[in-house]
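**Student:** Have a look at this prediction, sequence included:
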Amino acid sequence: MLGDLESSAVDLARRQVAYELLSGASGLVLALFMWGHMILVGSILTGSRGFDWLAGMLEDYYIAQPTVIVIFALFLVHGALASRKIPAQLAERKRMIALQKGLARAGHNRPATASDISPAQPHVESLLWIWQVRTGMVILVLGSFHVILLGFDVLTPLFGERIGIEALTSTERVRGGLWLPYALLLICVEFHAGVGLYRLGVKWGSGRFLSRRVLLNIERVLLWFFLVLGFIVLLVLAGILPPPLAFLLSGVAG
Amino acid sequence: MKTQESATPRRLSFEIFRYNPEDPESVPHMQTYELDEAPYMSLYLALNQIRETQDPSLQFDFACRSAICGSCGMMVNGRPALGCRTLTSDLPDVVRLHPLPVFKLIGDLSVDTGTWFREMVEKSEAWIHTEQPFDPEATEARMDDDLAQAIYEGERCIECGCCVASCGVANVNKDFFGPAGLNRIARFMMDPRDARNDSDWFEVVANADGVFGCIGMMACHDVCPKELPLLEVYAYLRRKSLAAAFAKR
């Protein structure tokens, strides 16, 4: 009887490790995928032909189809496992927010006379965690919409001229009003992924190699790079900006 | 330190949380006291001056005045800190003081950290477990210097409760071991004199009340007055849990 109890405690602990690993690993894969995805979508900067050629190639070699399914599955797994740490009660979440505000305000109020042992060093990670939860909620809704829509694009002839992702369909969608949810999704995804990778690194011991300050600066550089790239892509898709890299394909026959 | 050299001292305003749970008439409220700043004035000095000259009923804890006893932890403008180690010159003109959350309130700024820490230690059995008979004459077993240093790092915790007060999880989950608890567990996990092995520790640490309850807000690490490497401690516990999960039964 006691043996059963002991083994169940170990099983429970093993399950917790599995949850933690799956939550972190799915987040890692999704974050890296999002950066890769942004580079691929960036092909629109060369014009519709470049975009359609790349999309067609990924579909002809059956890379896009399984990717959509796997990414959506990982997305759901990550949502379910990462959200297990969000306090369920509103009062608990309010308590965390009040605590964070106090910690942040103490850092902001730091006077110029502060000594080396000042108790008022700036602290941002509590705020980053709270915003990671908020952006996660937005991504759950808008990301699901986007992935399901793209799933229809890649797997069915429902939208556009053929089965697959097409520049024309994408531009029409963005011009038709989807620029707003996509802009919001872009900000949320880049923030969520960048901060998530930073936290994942610190959690598993990256501090032995890189200080938090360095890691946070790397995260900020990547965040701004992908945000700027993402907004240029959106502007091109919306028809406001002509494709800035179109000259790369100007000599290539269509 | 401009303020300490200027001829006219800064007028500080202390807004202090007042409540005596023992007194049925007492209602939680903020009370303001004013004081002229003195050179190198700590909160310890300021609060004692207020109690001596303005309000003898003000409750707060101090003992060592040198960040060793861990009894003067309090929320200073929303951030946990030791009163004895906090200079008023590092604070704005208005200083809001609250008792540390999570712990049982004794009165005003005084909290009972002892009960919380005792429960945590009893739950994790954070003391040396050994079957070896005690021989006071025996020479102490040799230990690797790096390991001894690592154990000493964990042992530097003064149990002031600042990390616990700053921890979002400890504020909402009373069963969470908290930063100080996890630090103490790691200290005994590392100790070769403790007979418990990794798999014994596994079920204590690898759960939502242990290291996997941590959400990575990192405030504990930033507020620790002893500057303990708490984030490294959690990374150590995570890696140990991972190794134990994949170890053969």
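**Tutor:** Looks like it arrived, so ask away.

**Student:** can you tell me which helix or strand B:F14 belongs to?
**Tutor:** Secondary structure from DSSP states H and E places B:F14 in strand B:11-18.

**Student:** Quick check: neighbours of that strand in the sheet, parallel or antiparallel?
**Tutor:** strand B:29-36 (antiparallel), strand B:94-98 (parallel) (DSSP bridges).

**Student:** What mean pLDDT does that strand get?
**Tutor:** Average pLDDT, strand B:11-18: 97.

**Student:** ok, back up a step: now render the strands paired with strand B:11-18 as CSV, adding mean neighbour count and distance to A:G176.
**Tutor:** For every residue, glycine as well, the C-beta is placed using N, CA and C. Below are these laid out as CSV (neighbours: other Cβ atoms under 10 Å in any protein chain shown; distance: least, Cβ to Cβ, whole Å):
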stretch, mean neighbour count, distance to A:G176
strand B:29-36, 14, 54
strand B:94-98, 19, 52
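
**Student:** Which single residue of chain B ends up nearest chain A?
**Tutor:** Using Cβ to the nearest Cβ, B:G78 is the residue of chain B that sits closest to chain A, at 2.2 Å.

**Student:** List the contacts of that residue.
**Tutor:** Contact analysis of B:G78 by Cβ atoms under 8 Å, 6 or more residues apart in numbering or on different chains lists A:99, A:101-103, A:105-106, B:96, B:98.

**Student:** How about it, nearest residue that isn't a chain neighbour?
**Tutor:** If the residues on either side of it in the chain are set aside, B:G78 comes closest to A:G102, at 2.2 Å by Cβ to Cβ, 6 or more residues apart in numbering or on different chains.

**Student:** do B:W201 as well
**Tutor:** B:M189 (5.3 Å).

**Student:** That neighbour falls within a strand, correct?
**Tutor:** No: B:M189 is assigned helix when assessed by DSSP: H, G, I helix; E, B strand; the rest coil, not a strand.

**Student:** And the contacts of B:G78, which two are furthest apart?
**Tutor:** Greatest spacing in these, by Cβ to Cβ: A:L99 and B:R96 (14.2 Å).

**Student:** All the helices of the stretch 51-200 of chain A, residue numbers only.
**Tutor:** A:64-82, A:90-108, A:125-155, A:167-173, A:179-203 (DSSP state H, counting those that start in this stretch).

**Student:** Would you mind listing where the chain has pLDDT under the threshold?
**Tutor:** Going with chain A. A:1-7, A:107-121, A:252-254 (pLDDT under 70).

**Student:** Not quite, go with chain B.
**Tutor:** B:1-6, B:248-249.

**Student:** Can you pull up the most central residue in it?
**Tutor:** B:G161 (2.4 Å; Cα atoms, centre = their mean).

**Student:** Any residues of the stretch 151-254 of chain A in contact with chain B? List them.
**Tutor:** A:199, A:202-205, A:207-208, A:212 (Cβ under 8 Å from any Cβ of the partner chain).

**Student:** gap between the residue nearest to B:W201 and B:D61?
**Tutor:** 31 Å (Cβ to Cβ, to the nearest Å).

**Student:** what does A:I44 give?
**Tutor:** From A:I44 over to B:D61 (counting by Cβ to Cβ), the distance is 64 Å.

**Student:** picking that back up, right, so the helices of the stretch 51-200 of chain A: which one is the most enclosed?
**Tutor:** Highest mean neighbour count among those (mean count of other Cβ atoms under 10 Å in any protein chain shown): helix A:179-203, with a mean of 20.

**Student:** list the helices and strands that one packs on?
**Tutor:** Using 3 or more Cβ pairs under 8 Å, 6 or more residues apart in numbering or on different chains; DSSP states H and E, the elements in contact with helix A:179-203 are helix A:2-41, helix A:125-155, helix A:212-237, helix B:230-246.

**Student:** most packed of these?
**Tutor:** Counting by mean count of other Cβ under 10 Å, helix B:230-246 has the highest mean neighbour count of the helices and strands packed on helix A:179-203, with a mean of 20.

**Student:** list the helices and strands it packs on?
**Tutor:** helix A:2-41, helix A:179-203, helix B:178-190, helix B:198-205, helix B:219-223.

**Student:** can you do 6 Å?
**Tutor:** helix A:2-41, helix B:178-190, helix B:198-205, helix B:219-223 (3 or more Cβ pairs under 6 Å, 6 or more residues apart in numbering or on different chains; DSSP states H and E).

**Student:** closest to B:S66 out of those?
**Tutor:** helix B:219-223 (18.5 Å).

**Student:** Give me the helices and strands touching that closest one, please.
**Tutor:** helix B:162-166, helix B:230-246.

**Student:** I appreciate the help and will end here.
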